[in-house]
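**Q** Fold the following for me, if possible:
(2 chains)
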Amino acid sequence: AQKVTQAQTEISVVEKEDVTLDCVYETRDTTYYLFWYKQPPSGELVFLIRRNSFDEQNEISGRYSWNFQKSTSSFNFTITASQVVDSAVYFCALSEAMTTDSWGKLQFGAGTQVVVTP
Amino acid sequence: SAVISQKPSRDICQRGTSLTIQCQVDSQVTMMFWYRQQPGQSLTLIATANQGSEATYESGFVIDKFPISRPNLTFSTLTVSNMSPEDSSIYLCSVGGQGSTYEQYFGPGTRLTVT
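**A** Numbering: from 1, shown residues only, chains lettered A, B, ... in the order given. The predicted structure follows:
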């Protein structure tokens, strides 16, 4: 069975501080996909990144970066120089690979609430 | 990226009634999913909407309570039947991903309150 653990319920930081969100996953599949989503107070889910299990390269997108480590089954997310607009709930999710190039239903972690204060 | 719309965006319903939520995608997609997010909780998959066949339900969800239709590759409906206050949640439609064309996008959600 698949499982995603986000042990941090809430993280509070002051603006411009860095914040790292932990995500640990369990799966028996050798091929799978990992995702991060942002859910701001307005409620919509915003896709941030998808990573497949073949690709362990870390990724940086602006102030966001992701550290994928298969050896520890972790896919951590760092926000550098946080801003008030980063305040949201962040979800990590896991999906089995339907084929080498497609994925299906998502198993979500519990989410981490990030609160950034000015 | 796929553009997904949902109707209604929110509703307040009385216990014992039913509500049908519509999900429309701007392009044909193979996989569509329905998720529920209870207040303050994470997202839980209700079912996979299969085109031309019955939906595949996850453990804890049954067709009598959450009937789903998928008449074509761009549209699906989820009905929440015989509602109780415990059904108050956000219901989200999602399309599955393939290659670099689609990520797993979500619709804006339907915020349901049952009184």
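**Q** Go through chain A and flag its longest strand.
**A** Ranked by number of residues, the top strand in chain A under DSSP state E is strand A:88-99.
**Q** Neighbouring strands of that strand in the sheet, and parallel or not?
**A** Strand pairing for strand A:88-99, using DSSP bridges, gives strand A:32-39 (antiparallel), strand A:102-103 (antiparallel), strand A:107-108 (antiparallel), strand A:112-117 (antiparallel).
**Q** contacting residues for B:Thr17?
**A** B:Asn82, B:Met83 (CB atoms under 8 Å, 6 or more residues apart in numbering or on different chains). For every residue, glycine as well, the C-beta is placed using N, CA and C.
**Q** And B:Phe66, by the same measure?
**A** Per CB under 8 Å, 6+ apart, neighbours of B:Phe66: B:Trp34, B:Ile46, B:Ala47, B:Tyr57, B:Leu78, B:Thr79, B:Val80, B:Ser81.
**Q** ok, the second one touching B:Ser59?
**A** No: here B:Ile46 does not reach B:Ser59: they are 10.7 Å apart, not a contact under CB atoms under 8 Å.
**Q** Compare these two and say which is more crowded by neighbours.
**A** Per other CB atoms under 10 Å in any protein chain shown, whichever of B:Ile46 and B:Ser59 has more neighbours is B:Ile46, with 25 against 6.
**Q** From B:Ala55, how far off is the more buried one?
**A** According to CB to CB, to the nearest Å, B:Ile46 stands 9 Å off from B:Ala55.
**Q** Likewise for B:Gln24?
**A** B:Gln24 is 17 Å from B:Ala55, by CB to CB.
**Q** Compare those two (neighbour count), which wins?
**A** Legend: neighbour count by other CB under 10 Å for B:Gln24 and B:Ala55, higher for B:Ala55 (21 against 15).
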